[in-house]
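Student: what would the 3D arrangement of this be:
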Amino acid sequence: MDPSELQLLQWATTALSPTSWVDVVMNFSVAIVYGFFIAMIYKQCSGLHANRSFIQTLYMLTLIICMIMMVILNVRGVAAVAVAFGMMGALSIIRFRTVVKDNRDTAFVVLAVAGGMAAGTGKWAIGFIGLTLIGVILLLVSYGPWGTGSRHVIIRVTARPDHDTPDDATSSVRAVLSQLGTRIEVLNVRTVRQGELIETTYELRLFPGIEATQATTRITSLHGVDNVSIFNPDQYREL
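Tutor: Below is the predicted model of the structure:
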């Protein structure tokens, strides 16, 4: 390594590394805030389909990367390069052995890594500005008129029709769905048990604040409804 490059590396590690236990505690505290913020962004964007285990992973990853950055910055000289490459190799092995079903989850993993790096190097302002900007953009994309439909759900309702008024159960379900969300579309209608039951599949976008359990309870309470199932659109396509 060129002497000038070595001096630059030594200056960078000295300038960015925490110098006392107060700095370490502050960096970890900021990482906790970053992890909470990233988890909230993920939960809001994923809506009903947020994975609790993945939320915990985002918290842990932010803190782990923060700790790794502080370890690397406290190693002086050429050894810092070796430690950095070693850490990168270890993280790469973990990443490629981990199956991520949604490409968006990969972006949240990278976001957690970036937050941990900002906290571990003491660049708190960059982290706060970046996370705020990304969070606002994701929320606008998810909940704006052009939204990606993170609260879109598939609801399958099995009802026992009244032979005197065959449309009674269907009309009641439609009325309740209009109170739960918008953009209601009928995807499929079929009979079950040789016509004893009618199974209707709807797609709709739930209103903010409406949870899957609330929707299930409301529809199940209707007269003639035998069964209610709610699916993620991606899960429904795999059925």
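Student: quick one, longest helix in the chain?
Tutor: The single longest helix within the chain, with elements called by DSSP state H, is helix 21-46.
Student: if we go by neighbour counts, what in it is buried?
Tutor: Going by neighbour count (16 or more other C-beta atoms under 10 Å), the buried part of helix 21-46 is 24, 27-28, 30-31, 33-35, 37-39, 41-46. Every C-beta, even on glycine, is put in place using the N, C-alpha and C of the backbone.
Student: and stretch 194-204, by the same measure?
Tutor: Buried, per 16+ other C-beta under 10 Å, within stretch 194-204: 197-204.
Student: from the residues you listed, which land in strands?
Tutor: 197-204 (DSSP state E).
Student: how about the CA coordinates for stretch 63-79, as PDB?
Tutor: This file holds the C-alpha atoms of stretch 63-79, laid out as PDB (Å, rounded to 0.1, in the frame of the first residue of the first chain):
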ATOM      1  CA  LEU A  63     -27.200  -3.200  15.600                       C
ATOM      2  CA  ILE A  64     -24.800  -5.800  14.300                       C
ATOM      3  CA  ILE A  65     -23.600  -3.700  11.400                       C
ATOM      4  CA  CYS A  66     -23.200  -0.800  13.800                       C
ATOM      5  CA  MET A  67     -21.000  -3.000  16.000                       C
ATOM      6  CA  ILE A  68     -19.000  -4.300  13.100                       C
ATOM      7  CA  MET A  69     -18.300  -0.800  11.800                       C
ATOM      8  CA  MET A  70     -17.000   0.300  15.200                       C
ATOM      9  CA  VAL A  71     -14.800  -2.800  15.400                       C
ATOM     10  CA  ILE A  72     -13.300  -2.100  12.000                       C
ATOM     11  CA  LEU A  73     -12.700   1.600  12.700                       C
ATOM     12  CA  ASN A  74     -10.900   0.700  16.000                       C
ATOM     13  CA  VAL A  75      -8.400  -1.500  14.100                       C
ATOM     14  CA  ARG A  76      -5.500   0.700  13.000                       C
ATOM     15  CA  GLY A  77      -3.300   0.500   9.900                       C
ATOM     16  CA  VAL A  78      -3.300  -2.100   7.200                       C
ATOM     17  CA  ALA A  79      -5.100  -4.600   9.500                       C
END
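Student: pretty sure Pro208 is in a strand, no?
Tutor: No. Using DSSP: H, G, I helix; E, B strand; the rest coil, the assignment for Pro208 is coil, not a strand.
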